[in-house]
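Novice: could you look at this predicted model? Sequence included:
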Amino acid sequence: MSAADSKAGEPITGAALARATARLLHAAGPLLPVSIALSLLALAALLLTDGYRGWMLWLTALLAGPAVWTAIRIRFDAGLFLDLAGDADAPPMAERLSSLDASLAALGLRRNGIAVPRPLADRARGARALVLRQLAIVAAQFVLALAAAWPAHG
């Protein structure tokens, strides 16, 4: 499905897709503070416990690293998608994507150079996957912290 098609059959402009993707990425913003809070609570619990179930608390705290890295990627991508959305005077989307790819390659942020530019829809799906990854990290932290706090039976 191209950026110009939707499931409802109505056209989607590249700018609208870029704007919607940027908003999705911005919506993930609260996940990082939750991740950091869970990590700090886990570290505090490690200081206050005898070490029983400590591995769950350590893992909760250590997952802050991937959460921070993913949050940095999300914030960066949100800005890129806002730039791609452009305004009424913006050049065509293909030109904007080409310029973005060249800029990312110049910064060393593009893995395989500018060989084949990725379509906007693929980039939007990748951004969604990034948000889901962040959500999975925070959910894992929450489950681990909850499991570590759950009273032992027996």
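Specialist: Now that the structure is in, tell me what you want to look at. Here the structure is a predicted model, which is why all the values come from computation and not from measurement. Residues are numbered from 1 along each chain as shown.

Novice: what is the burial count for D77?
Specialist: 20 (other CB atoms under 10 Å). Every C-beta, even on glycine, is put in place using the N, C-alpha and C of the backbone.

Novice: could you point out the helix or strand that follows the helix or strand that contains it?
Specialist: Element membership of D77 [criterion: DSSP states H and E] is helix 64-85. Scanning forward in sequence from helix 64-85 by DSSP H and E, the next helix or strand is helix 93-106.

Novice: what's the worst-scoring helix or strand of the chain on mean pLDDT packed up against?
Specialist: For the chain, counting by mean pLDDT, DSSP states H and E, helix 93-106 ranks last in confidence among helices and strands (a mean of 88). When contacts are defined as 3 or more CB pairs under 8 Å, 6 or more residues apart in numbering; DSSP states H and E, helix 93-106 packs onto helix 14-27, helix 64-85.

Novice: and the angle for that helix with helix 14-27?
Specialist: 50 degrees (axes from the mean of the first three to the mean of the last three CA atoms, to 10 degrees).

Novice: list the buried residues of helix 93-106.
Specialist: Within helix 93-106, the residues scored as buried using 16 or more other CB atoms under 10 Å are M93, R96, L97, L100, D101.

Novice: which one of those is nearest to R133?
Specialist: Nearest to R133 among these, counting by CB to CB, is L100 at 21.6 Å.

Novice: from F81, how far out is the closest one?
Specialist: For L100, the distance to F81 equals 10 Å [CB to CB, to the nearest Å].

Novice: which helix or strand contains L59?
Specialist: Using DSSP H and E, L59 sits within helix 54-62.

Novice: what does that helix contact?
Specialist: 38-39, 41-43, 45-46, 49, 141, 144-145, 147-148 (CB atoms under 8 Å, 6 or more residues apart in numbering).

Novice: change it to 10 Å
Specialist: Contacts with helix 54-62, where a contact means CB atoms under 10 Å, 6 or more residues apart in numbering, come from 35, 38-47, 49, 51, 140-150.

Novice: what do you get for stretch 145-154?
Specialist: For stretch 145-154, the external contacting residues (CB under 10 Å, 6+ apart) are 37-39, 41-42, 45-46, 49, 52-61, 63.

Novice: show the buried residues in those.
Specialist: Among these, the ones that count as buried by 16+ other CB under 10 Å are 38-39, 41-42, 45-46, 53, 56-58, 60-61, 63.

Novice: pLDDT and distance to R123 added to those, as CSV?
Specialist: Formatted as CSV, these follow (pLDDT from 0 to 100; distance: CB to CB, whole Å):
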residue, pLDDT, distance to R123
L38, 96, 30
S39, 96, 30
L41, 94, 35
A42, 93, 34
A45, 89, 40
L46, 87, 40
R53, 79, 41
M56, 91, 36
L57, 92, 37
W58, 93, 36
T60, 95, 32
A61, 94, 33
L63, 97, 26
